[in-house]
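> Provided below are the primary sequence and the corresponding predicted coordinates.
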Amino acid sequence: MMSENEKPHQPASAYFIEESHEKIEQHTLSVVVDNEPGVLARVIGLFSGRGYNIEQLTVSETMNKRHISRITIVTSGTAMVLAQIRAQLESIVPVHSVLDLTLEGEAIERELALIKVAGAGEDRVEALRMAEAFRARVVDASNSSFVFELTGKTRKVNQFIELMKPLGLTEVVRTGVTAISRGPKAMKV
């Protein structure tokens, strides 16, 4: 039984910093890894085992002949937590390099979304008008619904989704962010 002066045990998490006024920032990390079984599980395990959160995650092989993949991770934390994440990622054996694209400057970030909207009459016309304004492509159409394909920054995708809600939004599928740094500099492999 706990006495009046004892505090309950706090959960172990990288985000629990007692009375801290440190700013939580969102960063996009690019991680180049060997494309082999278990690598993604090790990266995800690093995050979950230390209480870090992955807000978005994309991964794909980028150099087929060398079996190299790039993992793009969007995560949040204090500057200290983000530095720990980078250092711990760099220590995983099949990781070739880790780049914090947020610290590198304004990276090029894009996301792909497929958005299904069911509607009739004026709502249908308005959905098409909004899609044109956002440069969303119609990739499927029937008498009662559309599927739009939209690429762009996460903010743009979020805005389009919000506008589609009153017009009959029924389903959304998103890839998560994929990103690359600007200029001629390339990540080490």
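Yep, that arrived.

> can you pull the pLDDT of the residue nearest the centre of the chain?
With the centre of the chain defined as its mean C-alpha position, the nearest residue by Cα atoms, centre = their mean is residue 56, 2.4 Å away. Turning to residue 56, the model gives it a pLDDT of 95.

> beta partners of it?
residue 74 (DSSP bridges).

> strands of the chain, start to end?
Listed in chain order, the strands found in the chain under DSSP state E are 25-34, 54-63, 68-77, 95-100, 108-118, 137-141, 145-152, 169-174, 178-180.

> stretch 87-97: which residues count as buried?
Along stretch 87-97, the positions that meet the burial threshold by neighbour count (16 or more other Cβ atoms under 10 Å) are 88-89, 95-96. All C-beta atoms are positioned from the backbone trio N, CA, C, and that covers glycine.

> same check, this time on stretch 156-168
Those buried within stretch 156-168 under the rule 16+ other Cβ under 10 Å are 156-157, 160-161, 163-164, 167-168.

> residues in contact with that stretch?
Under the criterion Cβ atoms under 8 Å, 6 or more residues apart in numbering, residues 111, 113, 115, 117-119, 123-124, 126-127, 130-131, 134, 136, 145, 148, 150, 169, 172, 174 lie in contact with stretch 156-168.
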